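Visitor: structural data only, the sequence is not supplied:
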Ligand code: GAR
């Protein structure tokens, strides 16, 4: 698996730990980030996994960058690409290289709060009485749609009246770490490898 991250990488850590303790029969062969300071790169280095900083040059458009990123990822011959807090939309010059092989994690239920700040927006919607709970989902990324695609797993996450945003974030991340590994285990068990 190649993992793409833009930030903290706590979900990357959950995957690295699951690979190490063999609850996930898989290996992370490289971690890429568009952001040099992403702590996920540190986590990769600490686990002895190649950590690749792949910035987008100003003179490169999005599709050129995605094609360059795909070339760099292909070098590691991954069976799966995991988007774990990767905060850039991927266009077809990337996705066409990995049909049915790109998996995204998103901190909301299907068809709710796509894009950035999903947890904050769910929290605000709860305060306004628009939702009673939120959730987490893991899905395939077939095209350039934002946080949508064939669902691999989802789990509701409760919101309580006494929650502040930080409490809800912590609860969501805890659910993510567990759901992600569970879903990956079942995906790996049922899919043939491509390389
Ligand atoms: C996670 O909550 C993930 O679901 C979210 O970014 C966070 C990364 O946390 N992804 C998205 O919002 C994608 N639209 P982490 O860096 O600690 O794993």
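Guide: That came in fine, so what should we check first? Because the structure is predicted, anything quoted here is derived from the model rather than measured.

Visitor: please go through this protein and pick out the longest helix.
Guide: helix 165-190 (DSSP state H).

Visitor: what residues of that one count as buried?
Guide: Buried residues in helix 165-190, counted by 16 or more other C-beta atoms under 10 Å: 168, 171-173, 175-177, 179-184, 187. (Glycine included, C-beta is placed from N, CA and C.)

Visitor: hmm, who's touching stretch 67-81?
Guide: Applying C-beta atoms under 8 Å, 6 or more residues apart in numbering, the contact partners of stretch 67-81 are 1-4, 26, 29-30, 32, 50, 52, 54, 60, 93-94, 97-98, 101-103, 184, 187-188, 193-195.

Visitor: pull out the buried residues from those.
Guide: Buried subset of the contacts of stretch 67-81 (neighbour count, 16+ other C-beta under 10 Å): 1-4, 26, 29-30, 32, 52, 93-94, 97-98, 101-103, 184, 187.

Visitor: keep only the buried residues of helix 165-190 that also lie close to the ligand.
Guide: 173, 176 (C-beta under 6 Å from any ligand atom).

Visitor: I'd say residue 90 and residue 144 touch.
Guide: Yes: at 7.2 Å, residue 90 and residue 144 qualify as touching, with contact defined as C-beta atoms under 8 Å.

Visitor: neighbour count winner among the two?
Guide: Taking neighbours as other C-beta atoms under 10 Å, residue 90 and residue 144 compare with residue 90 leading, 22 against 12.
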